[in-house]
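>>> next comes the sequence, and after it the predicted model I'd like to discuss.
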Amino acid sequence: MTQFLTLTRPDDWHLHLRDEAALHAVVAHTASEFARAIVMPNLKPPVTTVALAAAYRDRITAALLPSGLSFTPLMTLYLTDNTPADEIDRVAESGFVHALKLYPAGATTNSDAGVTSLQKCMKTLERMAERGVPLLVHGEVTDPQIDIFDREAVFIDTVLMPLLRELPTLRVVMEHITTRQAAEFVAAAGDNLAATVTAHHLLLNRNAIFQGGIRPHLYCLPILKREEHRRALVAAVTSGSPKFFLGTDSAPHARHAKETACGCAGMYTALAAMPLYAEVFEDADALDRLEAFASHHGPDFYRLPRNTGTLTLARESWTVPDSLPYGDQQLVPFRAGETMRWKRVD
Ligand SMILES: NC(=O)N[C@@H](CC(=O)O)C(=O)O
Ligand SMILES: [Zn+2]
Ligand SMILES: [Zn+2]
């Protein structure tokens, strides 16, 4: 049995760091495993311009200072109906903003300012295709008539396919994919389409949300799906295809905002993200493919250099804390109170 796992230092290609006290509470967890992360822009108000992204990047760097960890936040902008095409030129020339994020209005946490119709953004999307700036998509339709478990598959057919037909060179990352349909669509598409996959969608199916009672800490968007879909995701990430890479979608919300009559969507996996992915790959008998998924495919897609340092995990059990400090509140991490199989050792 493998006892130590040393990998090129990985990156997280989908992360929520929040702001202020929350940012201070979480950023070192990510920076202790990952060299870089694509930082999501769904703050309140959202990060819609290169100038706002520069200020947010500075707040992240300042929050990390006490830890002494080296970490590069890769910034993104929140696409709105009114993002001017000229902002894309500023992105392309910035050197630190790496993508724009499409939140269909109303699809998820802090998406109210999101896009109401892609038709309103065509000039801006054309400029992104010209300048090679990737579009990251929360791929779910928002039509309340569509069953929540079908919203990703319907998004592919009704939004993503027409968009890629209209702009065949646009570079797109389908974020946090959760279905067989998404895995198959991405695998079969051109090099300009890739996907991130979370640890929780690889580890759990939708039964987990209701095991012995309702479990608000396992509610996220897109919602967990059937076992058939989880298996398709595991097959995709262990296939060796460069189109799939690591994105935790670690999304902290205070305990009281999760344990309530109408709880927020999001799981906090950043405390031990790599040990979670290691379980998935080990259980699929594919530990030798973890490094490419976690450390190679992402930078290759984003046209960035791979990291030079390493990260080592050891087979060593430890117990995840029941809760973590989160400003003057609490944060319940994924697997709270449970035992982990792998531990980061440097
Ligand atoms: N994934 C989630 O359930 N929540 C994310 C938003 C998102 O990535 O859709 C959040 O910001 O809380
Ligand atoms: Zn999302
Ligand atoms: Zn997210």
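Nice, I can see it. Ligands and ions are numbered 1, 2, ... in the order given.
>>> by proximity to ligand 2, which residue of the stretch 101-250 of the chain wins?
Nearest residue of the stretch 101-250 of the chain to ligand 2, counting by Cβ to the ion: His138, 3.6 Å away. C-betas here are computed from N, CA, C, even on glycine.
>>> quick check: that residue touching Tyr103?
Yes. Using Cβ atoms under 8 Å, His138 is in contact with Tyr103, at 5.1 Å.
>>> tell me, what's touching the two both at once?
Counting by Cβ atoms under 8 Å, 6 or more residues apart in numbering, the residues touching both His138 and Tyr103 are Ser111.
>>> just give me how far stretch 149-164 sits from the chain centre.
Distance, stretch centre to chain centre, for stretch 149-164: 19 Å (Cα atoms, centre = their mean, to the nearest Å).
>>> buried residues in it?
For stretch 149-164, burial by neighbour count (16 or more other Cβ atoms under 10 Å) applies to Phe149, Arg151, Glu152, Ala153, Val154, Phe155, Ile156, Val159, Leu160, Leu163, Leu164.
>>> so what's the residue count around Glu20?
For Glu20, the neighbour count with other Cβ atoms under 10 Å is 11.
>>> with adjacent residues omitted, what lies nearest to it?
Counting by Cβ to Cβ, 6 or more residues apart in numbering, Glu20 lies nearest to Gly327, which is 7.4 Å off, once chain neighbours are set aside.
>>> so which residues of the stretch 151-300 of the chain form strands?
Along the stretch 151-300 of the chain, counting by DSSP state E, counting those that start in this stretch, strands occupy 172-174, 193-197, 244-246.
>>> near ligand 2, which residues of the stretch 1-150 of the chain are found?
Thr108, His138 (Cβ under 5 Å from the ion).
>>> tell me who's in contact with the nearest residue to Glu338 once chain neighbours are set aside.
Excluding the flanking residues, the one nearest Glu338 by Cβ to Cβ, 6+ apart is Val320, at 5.7 Å. Residues near Val320 by Cβ under 8 Å, 6+ apart: Leu271, Ala272, Pro333, Phe334, Arg335, Ala336, Gly337, Glu338, Thr339, Met340.
>>> make a ChimeraX selection of the buried ones in the residues you listed.
Listed next is the ChimeraX selection for buried residues among these, using 16+ other Cβ under 10 Å:
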select :271,272,333,334,335,336,340
